[in-house]
Structures are given as structure tokens and as C-alpha cells.
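Undergrad: turn this into a model:
(chains A and B)
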Amino acid sequence: MRLTVNGMPQDVEPQPGQVLRTLLRGLGHYEVKRGCDAGDCGACTVLLDGQAVNSCIIPAHRVEGREVTTVQGIGTSESLAPVQERFIAAGGFQCGYCTPGMVVMASTFDEEELAELPQSLKGNLCRCTGYRSIGDAVTGICNTAPPGISNGDPAYGQAVAPPAARRVVSGEEAYTLDEDPPAGMLHLAVLGSPHAHARVVYLDASRALSLPGVHAVLTAEDSPAVRFSSARHEHREDDPDDQLVIDTVMRFRGQRVAAVVAETRRIAEQACALIEVGYDLIPAVYAPDEARREGAPVLHPDRSVHDRVADAARNTVVRFDEGERADEVDAALASAPHRYTGTFETHRITHVAMEAPAARGWVDEAGRYVLRTSTQVPFLTRDELARVFGLEREQVRVLTGRVGGGFGSKQEMLVEDLVLLAMLKTGAPVEYEWTRTDTMTIAPTRHPMTLTVSIGADDAGHFTALDLDVLADAGAYGNHTGGVLHHGVTESTEIYHWGAKRVHAEGVYTNNVPSGAFRGYGLGQVMFAIESAIDELALSMGLTPAELRRRNMITADDGFGGGVLDDLAIGSYGLDQCLDWVEGRLAESASESWRPTGLPRTTVSRPTGPEWAEGTGLALAMIATLPPRGHFAEASVTLQRDGTYLISVGTSEFGNGTTTAHVQFAATALNADASQFVVQQSDTDVTGYDTGAFGSAGTVVAGRAVHSAALGLRDRLVAAAAARLGVAESECALDSGGVAGPGGARVGFAELVDALAPRSGRVRHTASSDGSPRSVAFNVQGFRVAVSRATGEVRILQSVHAADAGTVINPEQLRGQIEGGVAQGIGTVLYENLIVHDGVVETPVLRQYHVPQYADLPLTETFFADTYDLLGPRGAKSMSEAPYNPVAPALANAIRDALGVRPHSTQLTRDAVWALANGEGAS
Amino acid sequence: MDLVQVSSVRTPRTRDELTLAPGEVFLGGGTWLYSEPQPDVTGVVDLTSMGWAPIERRRGGALRLSATCTLEQLHGLSLPEVSESGGEAGVETRVAADRGLGGAAHPVFAQAVRSFLAGAKVWRTATVGGNLCFAAPASPIPALAALLDASIRVWGPGGKRRIAADAFVTGAGRTALAAGELVRAIDIPAAALASRTAWRRIALAPLGRAGVFAGGRREASGLTVIMIAGARTRPGVLRFERMPAPDELAEAVGSLGDWYADPHGSPDWRRAMAVRLAEEVRFELAGAGA
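TA: Presented below is the predicted three-dimensional model:
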């Protein structure tokens, strides 16, 4: 079959049943991404005879004689098309995985399509940005600084575009699988359990093994006997050892029964269907409150506290009590003149990072096992692989390409263990890539929780007691449950003075899909309950919600203490500025003459009439700038003879923007142009160690290490130049061309490198950071909504978000992180719902699980508090998880204000709001 | 996605080649078939190779939509009639030629197409026959066909037959097609094309997968047809000799029953939205024809 791709004739024979996307990637067109594989997300968009199509649902046999244009045919990094330049100028991407498809789509828009962007862009999903910056890109708004930030104009604080921008918008930036595969690479496919709780009692793989092209079938017999947790943390003892690579007991639907390793993915999937399995069914339990009762089916009867499972007989993976003056809570509540008690539910949602988990492994020349994988934690994954498989750490190298979104989903070892097992079994390179449906049905989700909260207050409006009970559904494996619960009840409660405080939390095994790390790590669920309860209390006391919060929130002079909080401090305090600003913005929009503004090329009307009710709501959030008990990073900055600097850092880039921040730290310290820097990252070979990119640590921990390394390098360079010139160091200064001394004297980079490192030609300076002490960041979200009692529609008229992130490293990136967090929060409340009935996920594809489209989101106005953090690098704090947390309660509070009925669930789709407005579920 | 069990792709040119072998299925656009694993499908028979004219004027002013007519082509029926030849070449000329074929009902075709969760990229590939046979509650084409009193032309091993559109869908994802049968065309009668139409849809998100469709049309005789879909497992059609009063319509719609539950709306909400949208349709038709 002949076709033309980007003007080049191709002669290729498609396989029966193959789609165009696979055909193109087989030809090396890795710029065509696999996002959903179902025509829903648009990451694979190409032009077919000049018209945009989703190449993942175009039967390949139909493209004979036709002309295909990918994003590479629109422009390469050497020669970008104007539409690609506009995506850089606007800052129109974060992880960038959707960007090639987005660029191809945008390249086709005429004036008519630009005029109705919600309709025109509805087939292209972005999970990171919240679409404002994409709207800006499509309509030609410039938000990033032009290249060439130079001397006297430090990169720090500028809207510098990401270093990879030109490669991202042209599709050249390589994600996990966007490289030519190693020779002889095999593909792995998994047979998942059809039952939520069962024991495998019979398995015959002979038919699968006899299929030509099949090299191995992996079963529990091949699995190491070492138990582990898929969750990854600095301390592996944080998480329970309750998983095997392949187990004989199936505890959730879709769990690995066996894996086939074959020459093609097609053969591997075909062979999975030929494996014969017999199961003994075990009674299953799906509700956490039932699972913890006596007599419920026990999921992990053989685990104990030695495996860090608190009470296996009661399916309880974690259970704890904490608080200050907890024994006084009952009396304080009983005597409080004002109190509120409510029970709240947070529903199950999932991350939908656009790149599904994938890993590829091979053996290098030194005989080491190399895994290129989509992880947020390459070092922790390496360490655990070595442990599980009985290898030396030096025998394993883990690295990543650019990672296509995370949101917590990739702080988890989900594919790497099977790839390594398959490599050990076959001796060949192996690839394992999840499908979109895998990410919806077997990937750990956000923890659903049931929370009961009681708050007491005195007549002066001061809280006297908090009683909080939390029950989380851990799903079939414990992984992050302990961490999520401990974290979830910390900053959410520490942000207020309570008087007496009592917290009881339990995380319980069920036969549902496991729960795991999700942006906010438990805080969002707990804040939903507390911030809802505070609102109700304010209403009953006749105080505004802002005022009651103001009387009780922590101040700049407060501290924290006890246990893991010992190294936590308020390094800077902007909570008051944030609350004042949000309250002020919501007050301004109360005016009848105020009119809403939406995303670019949208119109938002402010509806009137009897069916509509308007309301406002806000919520506060606080988050530690990084995880407790140590988060380590080593980084180096290397001067090369040609005057370029190499930054080597362990942390991954998945749209969090840390790479840009690292360049800005280093460029400012070294008084250089941002374009002089090259970053190599997230590879266990390029630096000593990095705990990983989670808990928003990429900026403050790895960033501090980069900053220290750059300052150290600067001092060495200046000292060397001063010595050569025979002058004092104080008379010398580093600039983008070398070191300038007094009277116009200069020492160039080549001369410095020759002097300091004559053999290697590289001057390297390494520094590290231990992630302690930690500071806190603040976020306040406000909404004005109009709610239709007739349809349940919640129309967001105004979305305002104030953040205290310390000094602002990059205003456009910070704005993007906030907008993206708010977008994910709105999606959580208004649109997304991972429905699981009897262990079966009923929303396994994106057309069932509604990720926000362009049409679904408001414009979010942002405000940055003016603070300088005494603990953060150059006064900065992290800001990537944080903006998500206050969104759900702020939105629920606004809906409450409009309808006069309190939502008790985060699940507020139109049918739920309609039921709320019409008398069901009222408090 | 790749259909890994498929080992043969047939591209028939004649009716004789339309007999399915075991494991074979008919392929329309493929936008659904290739969007989910199809473990039981070992061969596809691509109907787009039959070369059927997508849209044809039939005797007496009726309109034939071939099963392989794309959603984009259907959308084109809503373009207003133009006197001069506006197209430049190729595709655009053909689209221009279709202008005017939609009759007084012409706006409803674009409204139906815009009711898809999928956007223009999918409209270029997806076919009306494919969506009709998919027959999900959220499918706009079965709703459109029922509203327009269409007759479904069916070819099969037993010969040719017709099925009334309002009897074609028998349940969520189920149709009246027998094994081996395929939809050749959707035939829309002239009377329906000559009627005034109105169309509403609502979803849990502004442009999300539809939870409820309400369509209506009014003929010159006063005959008024109200169609409710999405909210139920299959489209429901109500006929009134004259424009119904609001209460009468609300009673009739609310009594349809069979309200559907899935992630796109609760049954109670769907029933309420069906009543509400039906009234909007009635109001629009009453105003347009008064």
C-alpha cells in the first residue's frame, strides 16, 4: 500500500485490523501520540488529505493513496510554523503530550472555527492546563518572555518558556516510548482477573505458548516471593508489603493473572486469550464500613503489623488517633453555644494523565538492566526493583523521557516490575504499555472517603473543638493509604486553631481497584468536609464564611509542633492577603452591573429568572512545601568548554515545570542566558540520588540543590579567574561570556575550563538538599456560580484563586499550575466520576468518564501573595498539588449559597445538583 | 485501536460479497468498532468500498441517506440552499450540491450531528448507518431517524426488507437486525422533510455525551410529532393530531417510562429533562407554525 507522510512517499503493508496511528508510529512517526486509542482525546490527531482526523480510529487499509500530515509536517523545531510559535508564546502546554495533536487541530481552524472554540476544540483533551493558555495559543496571545534573557535581566521571576518548548510543539520531544525500540524487543500483555476476589487454582498456558511468536508466559510460579508495595516513598517502610509481582490470589478485578511475552503486541494479546485459568471464588466486600466488621471476607489474612498492615483480620491497613487535648473534645462540643456536625463523602476519581504508564527495558553493554519508564520516581523504582529481584542497585538503571502527566499516578511501580521479570525470563528487551482502559480500571485511584466532622465555637466566633472521623477505601492493596491519611488530616486541620482536636482515621481494604497517590494526597478530601462544615457553622452564627475563617486561621506568628511537624514552619505567610483578595473579588462581582468573562472566544452569560439562583463560596487550603521525614536531591551544574552549562538533576519533568525553574535558578546564579543551559534529568546515571517528583518537591528540593550547585560553580569560576588575573575575587564578576575583571580584563570560558579541568574539559559542581526544614504554602479559591434548579446546571460565573507561593519564579508557569489545578478540581466536582459497582468499573473509557473539555471550564483569575519564604530557594515555595485542594469545597459552598441546601458529596454532576435542588439528599 | 484478532479485511464492491463469514462484522466508519477491543471479531467487511452515493433524492421528494453517509455529509444538509455554485472543487462541490435537499426540516440534521460528544474529526469518518446500528441511548441518529419517520432499508441473507425507524432500536445497544443483516440506507419521507422541526439535547456537561434528546416536527396538516431519546433505552415517538397543550404533552412524555440509568444521568433527572425539553420543542414549534 502506498501513501504519503509529510510529503514523503511510503510503501507499507498494514496488518489486518490495524489503525493509522500504529502504522505511523511503526514508520518512526513518534510525534503521533497514543492517548486514549479510542477517538476521544485527540493526542493522535493528523491531517488526512488536509483534514484533521483521529488516527487511532482510522482503519489503516483505507489510507491507500492518501496524504498524511503529522505535526512534523507542519513544522520542525528547526523551522517552526506560526501555529507552533504561538503555542510557545502563549505557554500553551505543560506536560505537552496532547500538544502535537492540539497543534495539528489548531492548524486547521478558520475564522468560523475560531469563533466557536468550545465546539472546535471539544475533540482535543488537555489534562494539565485548564485550556486558558491553549485558547491564548490558538488566538495568538503572548504570555512568555522572548528568548534571550540576558545580563542584568535575571531569568528568575521571568515568564521563561520551558527549555523543551520547540521540541514539544513540533512533536520531537521523546516521551517514554518515542524512541526506536532496541533490536529484538518483545512485547508484554497481561491477562487480568475477571473476578474481584478469587484464587487461581488451575492455569494452563500451553495453547498460548504454542502460538508462533510467543516467547514466554509469566505466572505466579515465575514471580519472586518478595512482597512489596507499588507505592514508592523515601522510606519504603511507609507502605505495606502486601503485593507480589504475580499472585495466586486475585483481590480486584483486572489484577495480573499471567503475562505473555511475544514478538508483537498483537501476538501477546492474542495469546492471553488462549490461557486457560480455573478460579475458586472467594466472597468479596466492596464497602469499607462492611469490610472492617467482624465476619467480612478478609483480603490479606496472612499479613501483620510486620508487613505494616495494622489489623489484617479487620481488613484495616491503617488506623490511628491523634489530636491535641483530644480528651477534652466531647466536653467542649457539648458546651459549645454553636456547633455543627455533618457527614461527607468524596467520590472516586482518577488521574487521566495523557500518557499511560509504559516501560521499556533492555540490557546495556555493561550488563545492567536499563528501564526507560514513565515514572515520577526513577531512583525509588530502581531501589525497589533491586530489592524485589535480589539484584544489586548498581545492576539496575532507571530513566525517563519527558513524562506525559502524572498527578500522583506515577509515584507508583505499576509496569516496571513485570518488564524486569520478563527480561530476566527471556533475556530479551521487553516493552509493556498500558491502555487507556487499564488506567481507568486497574490504576490506583484517588481514595474515596467518608468523613464525619463536628466543630464547636464560642460566641466570639472562636473554634473550641474539632472532632474528625475519616474512613478511606484503600481498595485491594494498601500502597499509599497510610501516607494519604496521615497527610490528609494534617495541613487541613493545622490551618486553624481549634482548641481541642481529636482525629480518628482508618484505611480499609476492599475488593475495589486500589486507591493511591493523587494530587493533594488526602488533603482535598478532608478539606472538603472541614471547609463545608465551617461554612455551615458561619451561616448558623450569622458570620460571613470569610470572617469565621479569619478569626480562627493560623497567623504569621504561629508554629507547628509534634512528630513529623517538628521541621515544619511558616517560612512566609500570605494567607491573609489571599483571603482578603478573594473576598474582595467576590464582593465586586455582587454588583448587578458585573459581567462574567470566560475562556478565550467564549461567552458566559449571567442568567436571571426564577429557575436560576446565584451564590458564592470560598475555601482555604494549606500544604507543606514537601513531604515529611526527608526528601533528598543531588544535582550538579557543569560548565563546558563552549560556554554552555549542563544541569544534571534526578527529578522528572511531567508538566510540573520544574525544568524551567531549575534553568532559571541556575541562569540567575550564573548570570547567564537561559539558552546557555542544557538539562539532563531523571536518570539514575546522571546524578547521585533524588527521592522523586512528588509532594511538589521538584522546585524546592531539587531546585535548591541546583541553585546551590550553580552558586558553588560561580564561586569556583570567579576564584579561578581572579587568580589568573591576579586580582581580588571581589573585583571579578561572572557573565554570559566568562569572568570580567577590573579594567576590562576578561577570562573566557575556554580558558577557565582549561585551567580548572584540563583533562575532562568540564567543570562540575555538585550540591544536595535534604528537604528540611519545610515551609507551608497557602491557597484560597472563590467561586460565583449560577445554579439552575430546573436542570442542575452549575454555571461558573467567576473563579478566583489566590496563592502564596513565596517569590514567583515564573509567573506564567505558576498561573498555569494554578489554572490546571482548579480545572482538575472543577472536573472532580462537576464532571468526573469513576463508577465502580461490585468491583466492576462502569466508566472504563473517556467517553464515559468526562474529563473537562474546553467548553466546561471558566476563566480563573489568579493572584500571587507578596511574600518571601525564608526556607525556600530564593524565597520560593512549591505550587503544583496545592491549587487543587480548595476547589471542591469552594464550589460546594457556592452551590450551597445558591440553593440553600448543603451538598454532602463531592459528586455534583447536573443530575446530583438537580436532585439536591428538588428535595433529595437535603440536610 | 488495533483490532488484534482481525485477520481479514474485505472491501466488497457488489451485493454478492456482503455475506458474512463466521467472525466477520460489517464496518461502517469504524469510529466505534476501532475504539474498543473486539475479541470476537476476526474479520471486517468494509461497507465504504461499496461506493454508495451518500445522499440521494428519491421519488416524490423523499431523501435517501446511505448507511455510509458520513456525519459531516449529513451536517452539510443543513446548509441553506444557494443559487450560485459556491464550491471550488471536489468535496466542496458535492457538499454544495446537497444543499437544499434537507427541505424545511434542514436545520435538524446539523443539530443532530452537533449532539455527538465527538467533534468534527470524527464526523469525517463516522457514518449514519454505524451510529444507527450502535443504537446506544446517547446515539443521535436513531433519534433523528425516529423523529423523521424514516424507513430503514435492510439487506440480508434473506433478501431486502424495511423496518420503521421507531421500531429499529429494541433496547440499549440492540436493534431489530437479524444475524447477517446490514443497513443499506435510511429513507426519509417527503412529508417529514417538509415539516418544521425543533431539536434539543442536554448532557451532564455543556457539550458532553447526551443524556436526553427531544425532537419535534409539525406538518402543514397540524400533525405534531414529539420524539424523546437518550432518556430511555430506545427512542419514543408521540403523535398528536394537533399541537398538544403543555399539560397534555408533559403528561404524555412523563408517562413514557423505561427511563435509563447510566453514567450520563440518573433516571429521575432524565425524565424531568425529557419533560422540560419536550415543552421547549413544543413551544418552538407552536411559535414557528402559528
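Undergrad: element containing A:Leu333, please.
TA: For A:Leu333, the element it lies in under DSSP states H and E is helix A:329-335.
Undergrad: give the buried residues for that helix.
TA: Buried residues in helix A:329-335, counting neighbours by 16 or more other CB atoms under 10 Å in any protein chain shown, are found at A:Val329, A:Ala332, A:Leu333. Quick note: C-beta positions are derived from backbone N, CA and C, even for glycine.
Undergrad: need the residues that contact it.
TA: A:Gly323, A:Arg339, A:Ser454, A:Gly456, A:Thr464, A:Ala465, A:Leu466, A:Asp467, A:Gly499, A:Ala500, A:Lys501, A:Arg502 (CB atoms under 8 Å, 6 or more residues apart in numbering or on different chains).
Undergrad: now do the phi/psi pair for the second one.
TA: The reference is to A:Arg339. As for A:Arg339, its main-chain torsions (degrees, to the nearest 10) stand at phi -150, psi 160.
Undergrad: isn't it up against A:Asp458?
TA: No: here A:Arg339 does not reach A:Asp458: they are 10.4 Å apart, not a contact under CB atoms under 8 Å.
Undergrad: please see if stretch A:43-62 touches chain B.
TA: Yes: residues of stretch A:43-62 are located near chain B by CB under 8 Å from any CB of the partner chain, namely A:Thr45, A:Leu48, A:Gln51, A:Ala52, A:Val53, A:Asn54, A:Cys56, A:Ile57, A:Ile58, A:Pro59, A:His61, A:Arg62.
Undergrad: could you flag which of the residues you listed are buried?
TA: Buried among the residues of stretch A:43-62 next to chain B (16+ other CB under 10 Å): A:Thr45, A:Leu48, A:Ala52, A:Val53, A:Asn54, A:Cys56, A:Ile57, A:Ile58, A:Pro59, A:His61, A:Arg62.
Undergrad: hang on, the earlier thing: how about the buried residues of helix A:329-335 in TSV, adding pLDDT and distance to A:Ser304?
TA: As requested, the buried residues of helix A:329-335 are exported to TSV (pLDDT from 0 to 100; distance: CB to CB, whole Å):
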residue	pLDDT	distance to A:Ser304
A:Val329	98	31
A:Ala332	98	37
A:Leu333	98	36
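Undergrad: what is the nearest of these to chain B?
TA: Taking CB to the nearest CB as the measure, chain B lies nearest A:Leu333 of the buried residues of helix A:329-335, at 36.0 Å.
Undergrad: mean confidence for the longest helix seen in chain A?
TA: If you go by DSSP state H, chain A has its longest helix at helix A:703-725. Average pLDDT, helix A:703-725: 95.
Undergrad: still on that earlier bit, could you dump the buried residues of helix A:329-335 into JSON lines and include distance to A:Ala356?
TA: Shown next, in JSON lines, are the buried residues of helix A:329-335 (distance: CB to CB, whole Å):
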{"residue": "A:Val329", "distance to A:Ala356": "45"}
{"residue": "A:Ala332", "distance to A:Ala356": "49"}
{"residue": "A:Leu333", "distance to A:Ala356": "47"}
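Undergrad: tell me if I am right that A:Val217 is in a helix.
TA: No: in this structure, A:Val217 is strand, not part of a helix, as judged by DSSP: H, G, I helix; E, B strand; the rest coil.
Undergrad: alright, I will stop here.
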